[in-house]
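Chemist: the sequence and its predicted three-dimensional model are supplied below.
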Amino acid sequence: MIHIRFSDNHYGGEIDLSGTPGDLRSIGQSILELLQVQDVQVYIPANEVDPAPYDSCLNSLLIRKSDYFIKVMVAGSSLKIEGTPEKLEVFADWFNFDNSTESGYHHHFDYYEGNEWLDPTSVSLVISVQ
């Protein structure tokens, strides 16, 4: 089961989405499966845990097809990620961790100047192995 921790700050916040390598690969697979069906979104529940060093936990991940760049945001108590099917297909690979990946290993999915994939208003996302 995945965990999603969130802290809001004057830079727009940061989210840590964590799980075992298998949990994270499952998210990537859910994204790829979403792209093969007519559904517009997929909902993935998350376990709430002690949020430290973050401020709070979010209780779900919502992946949604849209007509724009990938955008990472907090919507209520959910982490919401949306993007075009083409961009979501590439994004799914960010969740491809080998079973031997050590706990603490992580990727930063952040906007930078000139980024043609991510909406500049997106919240910083860290994808980490537990």
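Modeler: Nice, thanks for sending it over. Bear in mind the structure is a predicted one, so any value in this text is a computation, not a measurement.

Chemist: give the contact list for the closest residue to residue 58 other than its chain neighbours.
Modeler: Distances taken as Cβ to Cβ, 6 or more residues apart in numbering place residue 4 nearest to residue 58, at 4.1 Å, with adjacent residues excluded. The way it works is simple: take the backbone N, C-alpha and C, and place the C-beta from them, glycine included. Neighbour list for residue 4: 15, 16, 17, 18, 46, 57, 58, 59, 60, 61, 79 [criterion: Cβ atoms under 8 Å, 6 or more residues apart in numbering].

Chemist: same thing with residue 58?
Modeler: 4, 5, 6, 15, 46, 74, 77, 78, 79.

Chemist: now name the helix or strand holding the third one.
Modeler: Secondary structure here is read from DSSP states H and E; on that basis residue 6 sits in strand 2-7.

Chemist: where do the helices of this protein begin and end?
Modeler: Ranges of helices within the chain are 21-34, 85-92, based on DSSP state H.

Chemist: from residue 112, how far out is the residue nearest to residue 58?
Modeler: 23 Å (Cβ to Cβ, to the nearest Å).

Chemist: same question for residue 19.
Modeler: Residue 19 sits 25 Å away from residue 112, going by Cβ to Cβ.

Chemist: cool, residue 11 as well?
Modeler: Per Cβ to Cβ, residue 11 is found 13 Å from residue 112.
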